[in-house]
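**Q** what follows is a protein structure lacking sequence information:
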C-alpha cells in the first residue's frame, strides 16, 4: 500500500496554482508581442490555449506547456492527470497531439527518485494510450514536486478553433462537470465521505480527445478548455475575444452534485476568490453559491464550446459517441456594458 501523500508536499494543487489572470496580464505586458516568423498564427495574445505555427502546407503546429503541483496523492495518478491536462490544450484547438516532453521538478531530499519514476510512468501510460510520443524532457531538484508536459500537435488550419470565433446566438456547452476544485480541496482537508473519494480523479482522468471531431463541425465557432481560471474566467476570455456576452442558466450548468455538500462546509479553493477578484466588472454581483461554482478552478476540466444552433444535433451526436451528454447551459449575445456574464436561475 502506497503511504505517500503527494499533496502534503506542496502549497497548492493542480491548476489552482495558476497565477491570477489580472496578475498574468501584468507579467505579459513587459514581454510585449512575440518576435519572429510571420508564420506564427497564434502567440501569447488573446489568451489562447496554445501557440500555432503555420507549416505552409495547410497544416499548423500547435505548441503548449502545462505543469503543476500534485492534485492527488498517488504518484502514478498525478502523472496521468498532469499529462491529460497538458495534452488538453491541443485538443481544445482541434488538434491531434503527436509528441511531448516532460517537465519535472522534484524534492529529492523528501521524495525518492522511485516516486518520481511513478509520476513519469503515469504520464507515459497516458501518452501511449493517446498515441503521443513522450520523447524525453528536463528535470531539476526543486523544493516542491512539479510535473507536466510540453506538447506539440498538428491541425488542419481550416479546423483550427480559437477564442475569437464565437458569435451572438451561439449556444454554450461544457464536456465535463464543474466541481473538481471543491472536491480536491475537501479531500485535502479530510472531509470526503466514503464513496466520493474517486469522483474528482475520474473526471480529471477523462481525456478531451472529443475536441478533434468537434473541430470538424462547421458550426463550432469557438472552443477552449476550462482549467485554473474557472468557467467564468475562460468564458470571459471567449467573450472578450469575440465581442459577445454570455447568459448562463445556472440550473443547467453541468456540476458534480456531490461537491455542493463540501462547498457548504467551506471547501472552496483559494483560487476561487482570486479568480473572482481578477474578473472585476466582467462578473456581475451574484450570491456566494453562484460565484463559487463559476470561479471554481478546474484541473483537467472539460471543453467549453460555442455552437451555432443549426449545428446543435451534430455536437450532441459527437457527445453521445464519446459517452458525454451535451446539454446547452447558456447563450451568447451582443456585448453591452462591462459585464461579460449574466447568470439566471
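**A** Looks like it arrived, so ask away. Remember, it's a predicted structure, so these values are computed and weren't measured experimentally.
**Q** now the strands: where do they sit in the stretch 101-250 of the chain?
**A** With DSSP state E, counting those that start in this stretch as the criterion, the stretch 101-250 of the chain has strands at 133-141, 146-156, 171-174, 220-225, 244-249.
**Q** which strands or helices does the shortest one pack on?
**A** Spelled out, that is strand 171-174. The helices and strands touching strand 171-174, judged by 3 or more Cβ pairs under 8 Å, 6 or more residues apart in numbering; DSSP states H and E, are strand 303-307, helix 312-321, strand 330-334. All C-beta atoms are positioned from the backbone trio N, CA, C, and that covers glycine.
**Q** so what strands line up beside it?
**A** strand 303-307 (antiparallel), strand 330-334 (antiparallel) (DSSP bridges).
**Q** make TSV out of those strands and add mean neighbour count and distance to residue 314.
**A** Compiled in TSV, those are given as follows (neighbours: other Cβ atoms under 10 Å; distance: least, Cβ to Cβ, whole Å):
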stretch	mean neighbour count	distance to residue 314
strand 303-307	27	9
strand 330-334	19	18
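**Q** and residue 158, how far is that from residue 219?
**A** 14 Å (Cβ to Cβ, to the nearest Å).
**Q** pick out whichever of those two has more residues nearby.
**A** Per other Cβ atoms under 10 Å, whichever of residue 158 and residue 219 has more neighbours is residue 219, with 17 against 11.
**Q** ignoring the adjacent residues along the chain, who's closest to the more buried one?
**A** Among residues not flanking residue 219 along the chain, residue 311 sits closest, at 2.6 Å (Cβ to Cβ, 6 or more residues apart in numbering).
**Q** next one: residue 248
**A** Distances taken as Cβ to Cβ, 6+ apart place residue 330 nearest to residue 248, at 4.1 Å, with adjacent residues excluded.
**Q** same deal with residue 139?
**A** Distance criterion Cβ to Cβ, 6+ apart; nearest residue to residue 139, sequence neighbours excluded, is residue 104 at 4.0 Å.
**Q** now do the nearest residue to residue 206 once chain neighbours are set aside against residue 217, distance only.
**A** Nearest residue to residue 206, sequence neighbours excluded (Cβ to Cβ, 6+ apart): residue 176, at 6.6 Å. Going from residue 176 to residue 217 by Cβ to Cβ gives 19 Å.
**Q** do residue 287 as well
**A** Distance, residue 287 to residue 217, by Cβ to Cβ: 35 Å.
**Q** just to check, residue 4 is in contact with residue 112?
**A** No. Using Cβ atoms under 8 Å, residue 4 is not in contact with residue 112; the gap is 9.1 Å.
**Q** quick one: which of the two has more around it?
**A** Set side by side, residue 4 and residue 112 show more neighbours around residue 4, with 15 against 12, by other Cβ under 10 Å.
**Q** now do that one, the pLDDT please.
**A** pLDDT recorded at residue 4 is 73.
**Q** so who does it touch?
**A** Residues in contact with residue 4 (Cβ atoms under 8 Å, 6 or more residues apart in numbering) are 73, 75, 111, 115.
**Q** picking up where we left off before, gap between the residue nearest to residue 248 and residue 342?
**A** For residue 330, the distance to residue 342 - Cβ to Cβ - is 9 Å.
**Q** intersection of neighbour lists for the two?
**A** Each of 246-248 lies in contact with both residue 330 and residue 342 under the rule Cβ under 8 Å, 6+ apart.
**Q** is it possible to export the strands paired with strand 171-174 to TSV including mean pLDDT and distance to residue 137?
**A** TSV is the format used below for those (pLDDT from 0 to 100; distance: least, Cβ to Cβ, whole Å):
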stretch	mean pLDDT	distance to residue 137
strand 303-307	98	26
strand 330-334	97	39
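**Q** turn those strands into TSV, columns for distance to residue 257.
**A** Shown next, in TSV, are the strands paired with strand 171-174 (distance: least, Cβ to Cβ, whole Å):
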stretch	distance to residue 257
strand 303-307	20
strand 330-334	19
